[in-house]
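Peer 1: sequence? don't have it. structure:
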Ligand SMILES: [Cu+2]
């Protein structure tokens, strides 16, 4: 809720971002942003099950409306100091939309998603925490 | 006199049952326990195997499972090592084929639910894994021509094949080997372990039935609490008590002086070069979805010395671990209690750390683990293949 308020605040403050399509087909997913990027994503299927393969659907936007690219996706469990046993692949669907296949969270607990994006020369890593039970 | 004694004993038992109450369980603990059920799960599915779950293939598979003519010298069948009354294993520390092998015969209970097979995960389907010991020169030492010949030439088996697959055995030896393995997999998919005292407790806890929950022994309840607090379910996750993946828990991986078993690292190399993996032509799943893990799995340095996380259901009498390193469950619990973090292999999960259990706590943990086992009903004689 607080997050949503922050997001709305942000969208009002930066009108250019209003063009970023946050709707990922089944309502807005999770939103991550920095001073340059606004990224919306959601898992497919919506509920991530421990040990079950899933995909991620992304919309990647930039503040100045320049084309942005999803470069890499990785995930690790900070407490256990390990990553995934699977290497996801990224498929560009055009217009800043991406599909990431082959994700598997093989343990319950806290996973940190690392999202590497690039717009022209500038690249950045955004992260988001997901807890699977 | 006798009746009086009986009455007294019954009353005493009733009192002790009433006196027992379940330990206090938090909502989070109940949720964690609920994740280990319900049991049994729906029957295993495998889109890569077109005959899985079909009665005629299951019957053919059971006959082939017991068929020594699949081996080069006609002396060894799948059932030689996977013995029904020994939890579908052989009770040895290391399996014995034509020679002594480096690893323990894994149990086949609930194998149909797995997604990686063998201690090193070299197999990505139950049918491809079933081919491995048939061809391995140290085990059954068979070959495709021998298996295909048996399916074509033995009248009863040929009839069983036709019933299972809807057509007579064809001329392609490799395809017949794969079909034999798919029937073997259909049979093994039926080996689902029975409901256990833990399952009764889990269901009682989830439905809020305190009276039923109180019937679960207090030692097992205390052991279950240790299991949850120690985060054992990070790997021993879900209804089968395994996440189906791989870990290095600090078991020595020398097989003999100067030789190591690199486990998952070697398994993934074997998987990649196998003609029978799910990326190959023998996968019956046209959608390609069943090959998702095989397509995306990555081979990492940390896979060295990793072995598959075993299920904890129907543990049996031991030995335990991938190479039978521990003779008893007490030894296994002692290992997790005393493991020296410095002696863990460099990439070992930081999840494994000495639990420093007291004697009572160790006994409680073992009492819990024992409640994941129940006596399996005796197996009926397999129905005739083609009466
Ligand atoms: Cu982990």
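Peer 2: It's in. No experiment lies behind these values; they were computed from the predicted model shown.
Peer 1: Doesn't residue B:185 lie inside a strand?
Peer 2: No - secondary structure of residue B:185 (DSSP: H, G, I helix; E, B strand; the rest coil): helix, not part of a strand.
Peer 1: Near the ion, which residues of chain B? Just list them.
Peer 2: Applying C-beta under 5 Å from the ion, we find that chain B lies next to the ion at no residue. (C-beta placed from N, C-alpha, C; glycine too.)
Peer 1: May I have the secondary structure class of residue B:224?
Peer 2: Residue B:224 is classified as helix under three-state DSSP.
Peer 1: Tally up the residues packed near it, please.
Peer 2: By the criterion of other C-beta atoms under 10 Å in any protein chain shown, residue B:224 has 29 neighbours.
Peer 1: quick one, what contacts it?
Peer 2: Residues near residue B:224 by C-beta atoms under 8 Å, 6 or more residues apart in numbering or on different chains: B:33, B:198, B:368.
Peer 1: Repeat that for residue B:373.
Peer 2: B:196, B:313, B:314, B:315, B:316.
Peer 1: Next: residue B:64.
Peer 2: Contacts of residue B:64 by C-beta under 8 Å, 6+ apart are B:70, B:78, B:157, B:180, B:183, B:184, B:187.
Peer 1: Helix, strand, or coil at it?
Peer 2: Applying three-state DSSP: residue B:64 is helix.
Peer 1: of all the contacts of residue B:64, which two lie farthest apart?
Peer 2: Spanning the widest gap among those are B:78 and B:157, at 14.8 Å by C-beta to C-beta.
Peer 1: okay, those two: which has more neighbours?
Peer 2: Neighbours were counted for residue B:78 and for residue B:157 using other C-beta under 10 Å; residue B:78 has more, 25 against 21.
Peer 1: Quick check: which of the contacts of residue B:373 has the minimum pLDDT.
Peer 2: Among these, residue B:316 has the lowest pLDDT, at 90.
Peer 1: who touches that one in this structure?
Peer 2: B:86, B:87, B:89, B:91, B:107, B:373.
Peer 1: Determine how far whichever helix or strand residue B:177 is part of lies from the middle of the whole chain.
Peer 2: Residue B:177 belongs to helix B:173-188 when assigned by DSSP states H and E. Centre-to-centre, helix B:173-188 and its host chain are 20 Å apart (C-alpha atoms, centre = their mean, to the nearest Å).
Peer 1: For the residue in chain A positioned nearest to chain B, give its distance to residue B:189.
Peer 2: Using C-beta to the nearest C-beta, the closest approach of chain A to chain B is made by residue A:102 at 3.2 Å. Residue A:102 sits 26 Å away from residue B:189, taking C-beta to C-beta, to the nearest Å as the criterion.
Peer 1: for residue B:283, same thing?
Peer 2: Distance, residue B:283 to residue B:189, by C-beta to C-beta: 17 Å.
Peer 1: same question, residue A:79
Peer 2: 36 Å.
Peer 1: out of these two, which sits in the busier spot?
Peer 2: Using other C-beta under 10 Å, the more surrounded residue of residue A:79 and residue B:189 is residue B:189, with 25 against 15.
Peer 1: and the helix or strand in which residue B:127 is found, what does it pack onto?
Peer 2: Under the criterion of DSSP H and E, residue B:127 resides in helix B:126-135. Packed against helix B:126-135 by the contact rule (3 or more C-beta pairs under 8 Å, 6 or more residues apart in numbering or on different chains; DSSP states H and E) you find helix B:78-81, helix B:173-188.
Peer 1: following it, which helix or strand shows up next?
Peer 2: helix B:144-153.
Peer 1: Angles on the backbone of the closest residue to the ion within chain B, please.
Peer 2: Nearest to the ion in chain B, going by C-beta to the ion, is residue B:234, at a distance of 5.6 Å. Backbone torsions of residue B:234, given as degrees, to the nearest 10, read phi -60, psi -40.
Peer 1: I'd like the secondary structure assignment at the spatially closest residue to it that is not a sequence neighbour, please.
Peer 2: Residue nearest to residue B:234 in three dimensions, not counting chain neighbours: residue A:107, with 4.8 Å by C-beta to C-beta, 6 or more residues apart in numbering or on different chains. The local conformation at residue A:107, judged by three-state DSSP, is coil.
Peer 1: Spatially nearest residue to the residue of chain B found nearest chain A, not counting backbone neighbours?
Peer 2: Proximity of chain B to chain A (C-beta to the nearest C-beta) peaks at residue B:296, 3.2 Å away. In this structure, residue B:296 finds its nearest non-sequential neighbour in residue A:102, 3.2 Å apart by C-beta to C-beta, 6+ apart.
Peer 1: tell me the contacts of the one you found?
Peer 2: Counting by C-beta under 8 Å, 6+ apart, residue A:102 has contacts A:53, A:55, A:86, A:87, A:88, A:89, B:292, B:295, B:296.
Peer 1: Please apply the same query to residue B:144.
Peer 2: With contacts defined as C-beta under 8 Å, 6+ apart, residue B:144 is in contact with B:135, B:173, B:174, B:176, B:177.
Peer 1: and which of the residues you listed is nearest to residue B:363?
Peer 2: residue B:135 (44.5 Å).
Peer 1: Residue B:268 looks like it's in a helix, true?
Peer 2: Yes - Residue B:268 forms part of a helix when assessed by three-state DSSP.
Peer 1: Show me which residues of the stretch 201-350 of chain B sit near chain A.
Peer 2: Counting by C-beta under 8 Å from any C-beta of the partner chain, the stretch 201-350 of chain B comes close to chain A at B:233-235, B:237-238, B:243-246, B:292-293, B:295-298, B:300, B:302, B:349-350.
Peer 1: Which ones among those lie within strands?
Peer 2: Applying DSSP state E to these, the entries found in strands are residue B:246.
Peer 1: Tell me which entries of the residues of the stretch 201-350 of chain B next to chain A lie within helices.
Peer 2: Counted as lying in helices by DSSP state H, out of these, are B:292, B:293, B:295, B:296.
Peer 1: show me the contacts for the first one.
Peer 2: The neighbourhood of residue B:292, defined by C-beta under 8 Å, 6+ apart, consists of A:53, A:101, A:102.
Peer 1: related to what we said a few turns ago, next, format the helices and strands packed on helix B:126-135 as CSV and append mean pLDDT and distance to residue B:146.
Peer 2: Listed next are the helices and strands packed on helix B:126-135 as CSV, based on pLDDT from 0 to 100; distance: least, C-beta to C-beta, whole Å:
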stretch, mean pLDDT, distance to residue B:146
helix B:78-81, 97, 15
helix B:173-188, 98, 9
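Peer 1: Tell me which of the ones you listed sits most buried.
Peer 2: helix B:173-188 (a mean of 25; mean count of other C-beta atoms under 10 Å in any protein chain shown).
Peer 1: what comes up buried for the helix or strand just after it?
Peer 2: Sequence order places helix B:197-207 as the next helix or strand after helix B:173-188, per DSSP H and E. Buried residues in helix B:197-207, counting neighbours by 16 or more other C-beta atoms under 10 Å in any protein chain shown, are found at B:197, B:198, B:199, B:200, B:201, B:202, B:203, B:204, B:205.
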